[in-house]
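Enquirer: Sequence plus the predicted model coming up.
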Amino acid sequence: MAACVNDRGRPVDANEDPLRDVRLADVPLDEEVILVRMDMAGDDLEPLLERGIVPGCRVCPVRHSPAGGPTVYRVDGSLVALRRETASCLCVRSALEAAGVLDPN
Amino acid sequence: MTSREASPVLLGGTRSGPDTSPDRASAARPRVALVGPPNAGKSTLFNRLTGLRQKVANYPGVTVERKSGFHRTAYGLVDVVDLPGIHGLSPRSLDQIVTRDVLLGHAEGEPGPDAVILVLDATRLESHLMVAEPILALGLPSLVVLTMADELGRRKGQVTERGLSEQLGVEVALVNARAGQGLEKIERFLEALYTGGEEVRACPVVVAAEAEVGPRGRPLPVVDVFAARRARAQALGQAAHFQAPTPSKLTERLDSVFLHRVLGPLCFLAVVVVVFQSIFAWATPLMDGTEAVIATSGEWLAVRLPDTWIRSLVIDGVWLGVGSVVVFLPQILILFFFLGILEDSGYMARAAVIADRMMHRVGLQGQSFLPLLSAYACAVPAILAARTVEDERDRLATIFVAPFMTCSARLPVYALLIAAFIPERPLLGPVLGQRSAVLLGLYALGFLAAVGTAAILKRSLLRGKPSPFVMELPPYRLPTVKSIVARLLDRARVFLRRAGRIILAVAVALWVLAQIPQAPGGGPPPVADSALGAMGKVIEPVIEPLGFDWRIGIGLVTSLAAREVIVGTLGTIYGVEDEDETSLELQEALRQDLDLGSAVALMVFFVFALQCMSTVAVMRRETGGWRWPILQFSYMLLLAYVTAWGANALL
Ligand SMILES: Nc1nc2c(ncn2[C@@H]2O[C@H](COP(=O)(O)OP(=O)(O)OP(=O)(O)O)[C@@H](O)[C@H]2O)c(=O)[nH]1
Ligand SMILES: [Mg+2]
């Protein structure tokens, strides 16, 4: 279980209004979002980071697994399963809403 | 730590001129390491290049050790090293440490590689390019191989080799490693290691990778390091005109069934039932065939051998001993057929996802589930596979419980006892028979013991905070006939080799012990009075409460070498006892010695006891001492004894 550590060291971007933060765990299926912040301790972060799950990437929940098990997300064309605890430490913003603000394209 | 100067010129200089002598000392051969993220196709490519059969399967973390072979080029041999998959050079698990050590030349007794083949999955180019940066920054001559060209094309993605090559400054080859298409560039690269051709060059762009390789004190927060790396990887992808493939339709369809709330677990169950039912139902004709072959060849041999001690040794000792184990080859192969399909298709990773909740409750990670599943084949590779588990406590717990999972060596023992004592009766119509159900029960018992033990360990000796679960789900792939056949052949070879070595040696030793002391009239004594019988009688008091006699006792002792040896041992003992017996009437003989209670006790004993010296040895190696193996052996023996006693007393 990845404890949600508040990453105080990071300066808060003006665009990042904490009240508008949505957690990846709460995003409905098939809605593409953009990862904006990861509230996790460093050691727990790395397995995610090195698989390309970094701030700025697009993530889309595609499937819940049986009995409240991990949810499958599409990241960069590959599928990755994450537990709810992990997904609820990831702050995201809807891809549509963020278009022009965070989207590099 | 790295020599950034390594350049094609330097390499061409030291290795100028073709060297065609194939027996050049391997130390002087150029060495090429296959590096890349997990499940990218490194071992597939390795097998292509070397003709070896390194294990390949469709889930990340299959290779956990370095393995080397050689490839014959027109100029000479090139050593090729297959390595565990990595995401960077800051390893968190033991298998990744293996790769880092080989790459940096820290591995014992071997210098670093002369060149690197970086293997990336073309369908996931952008995230896989993230690993390119730290690897190319090593400054070694490199070739980038993009595998899965076939899938990329089928799913309407694209990438240009030239574009990526211009960006990276090294050659890029887009290949189908599975079918062996597009390997010419790899061949030229390997040849160029001898000729000093221009294909062999290091990436000229030295990327800031110090944060990766340096000691812990990182200059930048990791998040920023990786975010920047990903951005660069994306830019590279764009420059190479990378067009991401559309999601695999097959994968979407299959996942909507296999990960479905209701259908998913049902499919899981169905798979299990089919496997067990077929181990009995399908195997019967095959087994009858094998049995007939062994029996007739034994008889054929018997009439041709002189009626002296030679015939007794060959027929009663060896033939019946080894033969009684070999008849179980079909069942073993059926099990491996199914395991092969599950592993090659990509279902294993889904099973790990379905099991994650339970693993989490126990205190283990979902990551531990894959090694545990591979323990159904054999605990030894499973214990090695536990290297992929990052958390050390979790790894130890995984290693500790792996021997409870029912390995294939137990299968002959279970199959023999079930066939002898459990009448076949349909339980669920044609779907599940009583025998398959009992077999299933024995497997379930082992699994429960594993889970229960893990739960206890994680709450006592190995307490620690649970780590997050990140499981990559590979796309489903159709298992190829070739790979399944290769697996079965390998398995058959392993099984027969064990029968030919351990079981043969044990059979001969038992036969000799059964001959002494010679009876007054010459000739062997009744087995019960022989040295063998005497030894069995020493053990008898200990196992009597479990309902076993001295013969089973001998079997339990010899099965310490390997579990299936007990079957061979009983074959030999009954063979020597009943002189004119030339067929495998082992079941018949067993029924006279055991009743239902003691037969079940024996099965239960085998569920729990750690009768396998290879497991103990590998355990010592992987835990770095005798502490864990001794604890595990005693714990499992105690559990086996108590439960077998209970089973015998109750039934
Ligand atoms: N279609 C297709 N499948 C491939 C290709 N190369 C490898 N595969 C499949 O990809 C899966 C993974 O291959 P492996 O060779 O085991 O991958 P690996 O890089 O050694 O993986 P690890 O040992 O876990 O690091 C297997 O199912 C292969 O059959 C390819 O070029 N095309
Ligand atoms: Mg491999």
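Expert: Perfect, thanks for sending it. Ligands and ions are numbered 1, 2, ... in the order given.
Enquirer: Strands of chain A, residue ranges please.
Expert: Ranges of strands in chain A, per DSSP state E, are A:22-23, A:33-38, A:58-64, A:71-75, A:78-82, A:90-94.
Enquirer: B:E198 against B:R188, yeah?
Expert: No: taking contacts as CB atoms under 8 Å, B:E198 lies outside contact range of B:R188: 10.0 Å. Every C-beta, even on glycine, is put in place using the N, C-alpha and C of the backbone.
Enquirer: Please spell out which residue in chain A sits farthest from the middle.
Expert: Distance from the centre of chain A peaks at A:A67, with 21.8 Å (CA atoms, centre = their mean).
Enquirer: isn't it right next to B:P265, touching?
Expert: Yes: the pair A:A67 and B:P265 qualifies as a contact (CB under 8 Å) at a distance of 7.5 Å.
Enquirer: re the thing from before, more neighbours: which of B:E198 and B:R188?
Expert: The neighbour count for B:E198 versus B:R188, taken as other CB atoms under 10 Å in any protein chain shown, is higher for B:R188 (17 against 10).
Enquirer: Spell out for me which residue occupies the centre of chain A.
Expert: Centroid-nearest residue in chain A: A:L90, 3.8 Å away (criterion: CA atoms, centre = their mean).
Enquirer: residue contacts, the nearest residue to that residue once chain neighbours are set aside?
Expert: Counting by CB to CB, 6 or more residues apart in numbering or on different chains, A:L90 lies nearest to A:L24, which is 4.0 Å off, once chain neighbours are set aside. Shown in contact with A:L24 (CB atoms under 8 Å, 6 or more residues apart in numbering or on different chains): A:33, A:35, A:59, A:61, A:73, A:82, A:87-88, A:90-92.
Enquirer: Next, work out how far apart B:R29 and B:A352 are.
Expert: Distance, B:R29 to B:A352, using CB to CB, to the nearest Å: 39 Å.
Enquirer: More neighbours: which of the two?
Expert: Counted by other CB under 10 Å, B:R29 and B:A352 do not tie: B:A352 has more neighbours, with 24 against 21.
Enquirer: Surely the more buried one and B:L372 touch.
Expert: No: using CB under 8 Å, B:A352 is not in contact with B:L372; the gap is 9.3 Å.
Enquirer: circling back: and the residue nearest to A:L90, what's its pLDDT?
Expert: Note on A:L24: pLDDT of 93.
Enquirer: likewise the one 4 residues further on?
Expert: Looking at A:P28, its pLDDT reads 93.
Enquirer: out of everything not next to it in sequence, what's closest to it?
Expert: Nearest to A:P28 is A:P61, by CB to CB, 6+ apart, at 7.3 Å.
Enquirer: can you tell me which residues contact the one you found?
Expert: A:24, A:27-31, A:71-73.
Enquirer: Tell me how far the residue sitting nearest the centre point of chain B lies from ligand 1.
Expert: Centroid-nearest residue in chain B: B:P381, 4.2 Å away (criterion: CA atoms, centre = their mean). Distance of B:P381 to ligand 1, computed by CB to the nearest ligand atom, to the nearest Å: 12 Å.
Enquirer: what about that residue, which SS state?
Expert: helix (DSSP: H, G, I helix; E, B strand; the rest coil).
Enquirer: hey, which helix or strand in chain A has the poorest pLDDT?
Expert: helix A:95-98 (a mean of 66; mean pLDDT, DSSP states H and E).
Enquirer: I'd like to know the beta-bridge partner residues of the residue nearest to A:P28.
Expert: With DSSP bridges applied, A:P61 shows beta-bridge pairing to A:Y73.
Enquirer: Give me the pLDDT value at it.
Expert: Confidence at A:P61, expressed as pLDDT, is 95.
Enquirer: Any stretches of the chain with poor pLDDT?
Expert: Just going to use chain A. A:1-20, A:97-105 (pLDDT under 70).
Enquirer: Correction: the question concerned chain B.
Expert: For chain B, the stretches with pLDDT under 70 are B:1-27, B:205-220, B:521-522, B:579-584.
Enquirer: Okay then, goodbye and thanks.
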